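> Would you be able to build a 3D model of this:
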Amino acid sequence: MIYSLTGKLTVKELGFAVVECGGVGYGCRTSYSTIAALGEIGSDVKLYTHMYVREDAVELFGFATLQELSCFRLLISVSGVGPKAATSILSDVTPEQFAFIIASGDSKTFTRTKGIGAKTAQRIVLELKDKISKESVSGSVANDAAAFSAAAPGAASSSVSEALEALMVLGYSQGETAPILRKLDPSLSTQDLIKETLRLMASKDLR
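Down below sits the predicted model:
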């Protein structure tokens, strides 16, 4: 499995980039957001990758951030959503906006992406909302959530811990989300904490 690519950017087109590593050029399909985040041709770049394998092709997808890669993997786990549709959605929304759409159940926003109909948009929200709520959080995510609770006993309600775990499943780090969660009312429900955290992150991204 190719986890990431670090090298020189040799090709930069809409939805496609080539990164040369050790004399080999790796072509990656990607979102417009990642293309916009990359530097000029010849600059050093890093892409987090996912290899998509099907019967008639093997394609490499690359993203500028781990959050965008996490969103891509969540999207292609939805029945009927392929990598092309996933990259199209991520070309229209940031990872923060994507996560907020899922948390708030706003499927209509996804229909603004070309090729995404109402039924597909609703299925994305339903399947991912359910998947995230039932995700078995273990290992480093559980440890980080426990560490957060221990470090902030004043806000260490079960709702806060659950919200932190869910946000980390979505690909956000404790460093990104914990400062926001600490400022919110710990008596809020887990879903409201997630919604408010993502709303604040999306608002910051739009500024």
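> Farthest from the middle of the chain: give me that residue.
residue 23 (30.2 Å; CA atoms, centre = their mean).
> ok, now how distant is the residue positioned nearest the centre of the chain from residue 95?
Geometric centre of the chain, nearest residue: residue 71, 3.1 Å, by CA atoms, centre = their mean. Using CB to CB, to the nearest Å, one obtains 5 Å as the distance from residue 71 to residue 95. To be clear about C-beta, it is placed using only N, CA and C from the backbone, and glycine gets the same treatment.
> Overlap of the contact sets of the two?
Common neighbours of residue 71 and residue 95 (criterion: CB atoms under 8 Å, 6 or more residues apart in numbering): 170, 171.
> Okay, strands next: where are they in the protein?
For the chain, strands defined by DSSP state E occupy the ranges 4-13, 16-21, 24-29, 44-54, 57-63.
> Setting aside sequence neighbours, what's the nearest residue to residue 74?
residue 128 (5.5 Å; CB to CB, 6 or more residues apart in numbering).
> The one you found contacts residue 102, doesn't it?
Yes - counting by CB atoms under 8 Å, residue 128 touches residue 102, with 5.0 Å between them.
> Make sure residue 59 is actually in contact with residue 26.
No - the criterion here is CB under 8 Å, and residue 59 misses it with residue 26 at 11.2 Å.
> the more surrounded of those two?
Of the pair residue 59 and residue 26, residue 26 is the one with more neighbours under other CB atoms under 10 Å, namely 17 against 14.
> Quick one: residues contacting that one.
Contacts of residue 26 by CB under 8 Å, 6+ apart are 2, 5, 7, 18, 19, 20, 60, 62.
> what's the closest of these to residue 48?
Ranked by distance to residue 48 (CB to CB), these are led by residue 62 at 6.8 Å.
> Residue 166 versus the closest one, what's the distance?
Counting by CB to CB, the gap from residue 62 to residue 166 is 26 Å.
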